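Asks: any chance you can model this:
(chains A, B and C)
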Amino acid sequence: MCLGIPGRIVKIDDPLKKLATVDVSGVRRQINIACIVDDNHSIDDCVGDWVLVHVGFAMSRIDEREAAETLKILAELGEAQSEIEAMRLSAAQ
Amino acid sequence: MKYADEFRDREKAATLILEIDRLAATIEIAKTRPINIMEVCGGHTHSIFRYGLEGMLPGAIELVHGPGCPVCVLPMGRVDDCVSIAERSEVIFATFGDAMRVPGSKKSLQQAKAGGADVRMVYSPLDALALARKNPGREVVFFGLGFETTMPSTALTVLQAEADGVENFSVFCNHITIVPTMKAILDSPELNLDGFLGPGHVSMVIGAAPYQFIADVYKRPMVIAGFEPLDVLQSIWMVLKQIKEGRAEIENQYARVAPAAGNAAALNAVGKVYELREFFEWRGLGSIDHSGVKMRDEYARFDAERKFAIPNVKIADPKSCQCGDVLKGVIKPWQCRVFGAACTPETPLGALMVSSEGACAAYYQYGGVRRHASNEATQRLATAS
Amino acid sequence: MNMHPIPPPRALGRVFVPMVTLAHGGGGKAMKDLIDDVFISAFANAAPQTLEDQARFDLAGLAAHGDRLAFTTDSFVVDPLFFPGGDIGKLAVCGTINDLAVGGAKPLYLSCAVVIEEGTEVELLRRIAQSMAYAAREAGVAIVTGDTKVVQRGACDKIFITTTGIGVIAPGVDLGVDRVRPGDGILVNGLLGDHGAAILCARGDLALETAIESDCAALHGLIAALLRAAPGARCIRDATRGGLATVLNEIADASGVSIEIEEALTPLREEVRGFCEILGLDPLYLANEGKIVIAVPRDEIAAALAALGAHPLGEGSALIGYAGCGEPGRVTMQTVFGGRRIVDMLVGEQLPRIC
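Replies: Got it, this is the predicted structure:
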């Protein structure tokens, strides 16, 4: 039961109840952000955060660095493949 | 869409497929039988069908669609309980859309609604709480279902109701936990699985540590996986690498969303409101110890189970149904004796045909095995009679 | 979006009460006043008003437009009655016009039957009637006959409208859902799913804010332009309830062909994608009220696309796939990711999901 989608927090609606507005491709909805605030990340810090939204709750702050890392591994894999392919082609000639 | 479109890239997919192909060809077990990898979570099943991943993978890899769809594994008796609560005149019964069509022994919530029950579909438990505020003269009951991903949302909603003094709101708690269920599957004597894709969004809440026994005790590799198609392919590739290298570890492909430690605030809310049940009944799998949670005594007044007398009758799964075997990966959906014949999405018998995330419904809807399977089923019926 | 201007609120007219009661359905003076004041005054058209129970047509006048009559009916229920991009009145006019137009007919006349729940505000009826009149005028069709019934509170949801339409098909035009052949191109006239998403958002219970508007529009002008450019077009269907996926399945089934579309070519608004991601919906099944699916032979694809693209209601038109010789009746989609999946009919309505 795990439909979760990335969205960006655009404003804080109610600091007391930890409610904020999230934007998903131009669709906006009020969500609860209790799970992404802590001593090191205040409610106001959340504006601009990319978060994973599940049933109206921000459940995780998306880690930009980790996302880039995952894509980098895949890009490198692709480069390695094309190098091997190039070598194979030149050996065949 | 940021953090989604990048992970649906066709070229990177081709790269991964090539790597998966190469790797699978070098794995010893693939010479005698397919490599069986279970995706535990229904969200993965959905992505696999939505993006047509099965057709892209080499034949050496079989994906086994696991029990991670809480709607599918909900026993009929619990649906009957929902219906009985929903049919009370003072009740507004709020539920996620997923549960509307799940058949009980007599009717589904959708049918109860048609018969006059006040059943409302909501996107979030917060919306159910808002309904309670808006309708002070009615009792609003939220149907709390889902794994650890969803538990924090209902727990936080109950805490909010408490803070605001909303007394006409309660949760019918049917939350379940994934780890004991995976253990039950791993203990099954017919077990035929070589590795697991771990449920990314459950892991975002509970972290990676609870799965460690899978590697340590059962010596199976698991990769916590995201839900975009590249995530799924990369995770399959990572599982294959572990198999190839003879490792059994809990790895995390989905670190951008699921930190190793999980989410402390979410777990804190869950621990405050819920405690483990001794056992919980699963459709297709039977009773599994400590596989569900209930509300703690301190929150009894928000507990629909205590607020309303519910029939709580256990209804046995239909005998012809082989959902358990499909869930454990012993048979494929279309090999079930009723698939596509007595059991279809219009008239689901088994749990897995109920929700679009259920393996059988997904096969029926997307799998391309529909006609083939119903032919097979017809033939079986013909030989049987 | 082409909306009719909301008329200023006016005095109660000949109806001297703000709300419809059962008296307005009783056949007496109250009913006549309601019909005259709300409907007849709005629908007034060039044709001389008759007080008969039926509209009467000069056959020769009809025959001047073509050699076959097209006749269709449709009922409209929608919650909410007014939504971004339209209202039940506009929907009732455009929907029936489109049902005529997709058969290649020139729409000429409409009837309008309304079932009204007692307690409905007369002002609301006026706005709906005026919206219908505006849509009909824009489309060049006349609403020539009608009926009203008033039912007890709770027996219907404010207002249900049934419109019936008559149109005429020109000689040589022969569109049919069973006429599609392998190799034909499958086209749509723009962004899909707007209506379904707009309605779900407008209901408000999902608490989603979007700028998505219904695509509700009368498409006979667009279709006429298309048929001039691509006279060999095989079939046209409007992708209303059940969306693109359902229409493609109907075509594949009736013509005994397979259809394969490409997800990457299927036009979707970014907001509709976001909306679908949030609710776990598949945009292929979302309703449209201004979108058609067209099958044309391969050599007319370019001309058809050019004609569609040149029309204001064809912005974003696209070739999304082809009919083929695969398994008859089977619709598949090449996903953005490179995989293939089956696009089947839905079992029931599509419900938001969280898993």
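
Asks: now the helices for the stretch 51-200 of chain B?
Replies: B:53-56, B:76-86, B:109-114, B:125-134, B:151-164, B:178-186, B:200-206 (DSSP state H, counting those that start in this stretch).

Asks: if you could redo that for the stretch 201-350 of chain B, that was the one I meant.
Replies: B:212-216, B:229-244, B:264-273, B:304-307, B:323-327.

Asks: same question for stretch C:122-142, mean pLDDT?
Replies: Average pLDDT, stretch C:122-142: 95.

Asks: residue nearest the centroid of chain A?
Replies: Taking C-alpha atoms, centre = their mean, the centroid of chain A lies closest to A:I62, which sits 3.7 Å from it.

Asks: so how many other residues sit close to the spatially closest residue to that one that is not a sequence neighbour?
Replies: Using C-beta to C-beta, 6 or more residues apart in numbering or on different chains and skipping the chain neighbours, the partner closest in space to A:I62 is A:W50 (4.3 Å). C-beta coordinates here come from the backbone N, C-alpha and C atoms, glycine included. Using other C-beta atoms under 10 Å in any protein chain shown, the number of residues around A:W50 comes to 20.

Asks: please report the distance of A:W50 from A:G56.
Replies: Separation of A:W50 from A:G56 (C-beta to C-beta, to the nearest Å): 17 Å.

Asks: do the same with B:E162
Replies: From B:E162 to A:G56 the distance is 18 Å (C-beta to C-beta).

Asks: more neighbours, those two?
Replies: A:G56 (24 against 17).

Asks: picking that back up, ok, which of the helices of the stretch 51-200 of chain B comes nearest C:V144?
Replies: helix B:109-114 (37.4 Å; C-beta to C-beta).

Asks: helices or strands up against the closest one?
Replies: Where contact means 3 or more C-beta pairs under 8 Å, 6 or more residues apart in numbering or on different chains; DSSP states H and E, helix B:109-114 is packed against helix B:76-86, strand B:119-121.

Asks: output that helix as PDB, nothing but the C-alphas.
Replies: Taking C-alpha atoms only, helix B:109-114 is exported to PDB below (Å, rounded to 0.1, in the frame of the first residue of the first chain):
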ATOM      1  CA  LEU B 109     -18.500  -1.300   0.700                       C
ATOM      2  CA  GLN B 110     -19.500  -0.100  -2.800                       C
ATOM      3  CA  GLN B 111     -22.600  -2.300  -2.600                       C
ATOM      4  CA  ALA B 112     -23.300  -1.200   1.000                       C
ATOM      5  CA  LYS B 113     -23.100   2.400  -0.300                       C
ATOM      6  CA  ALA B 114     -25.600   1.600  -3.100                       C
END
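
Asks: ok, and what's touching that helix?
Replies: B:79, B:82-83, B:86-87, B:93, B:95, B:99-102, B:117, B:119 (C-beta atoms under 8 Å, 6 or more residues apart in numbering or on different chains).

Asks: grab the two from the residues you listed that are most spread out in space.
Replies: Farthest pair in those, by C-beta to C-beta: B:E87 and B:R101, 17.1 Å.

Asks: what is the mean pLDDT for stretch B:213-224?
Replies: 97.

Asks: mean pLDDT lowest where, among the helices of the stretch 201-350 of chain B?
Replies: helix B:323-327 (a mean of 82).

Asks: re earlier: out of the contacts of helix B:109-114, which is nearest to chain C?
Replies: B:M100 (5.6 Å; C-beta to the nearest C-beta).

Asks: which residues touch that closest one?
Replies: B:108-110, B:113, B:119, B:121, C:351.

Asks: now do the strands in the chain.
Replies: Since you didn't name a chain, this refers to chain A. Secondary structure of chain A by DSSP state E: the strands cover A:5-14, A:19-24, A:27-32, A:50-54, A:57-61.

Asks: nope, chain C
Replies: C:68-76, C:82-83, C:86-87, C:105-117, C:142-151, C:159-169, C:185-188, C:208-209, C:235-238, C:258-262, C:292-296, C:318-324, C:331-334, C:340-342.

Asks: what do you get for chain B?
Replies: Using DSSP E, strands in chain B cover B:35-41, B:61-68, B:91-95, B:119-121, B:139-146, B:169-175, B:195-199, B:222-225, B:250-252, B:274-276, B:279-282, B:286-289, B:293-295.

Asks: for whichever residue of the stretch 51-200 of chain C sits closest to chain B, what are its contacts?
Replies: Checking the stretch 51-200 of chain C residue by residue against chain B with C-beta to the nearest C-beta singles out C:L200 as nearest, at 10.4 Å. C:L200 makes contacts with C:206, C:208, C:275, C:279, as judged by C-beta under 8 Å, 6+ apart.

Asks: great, nothing more from me.
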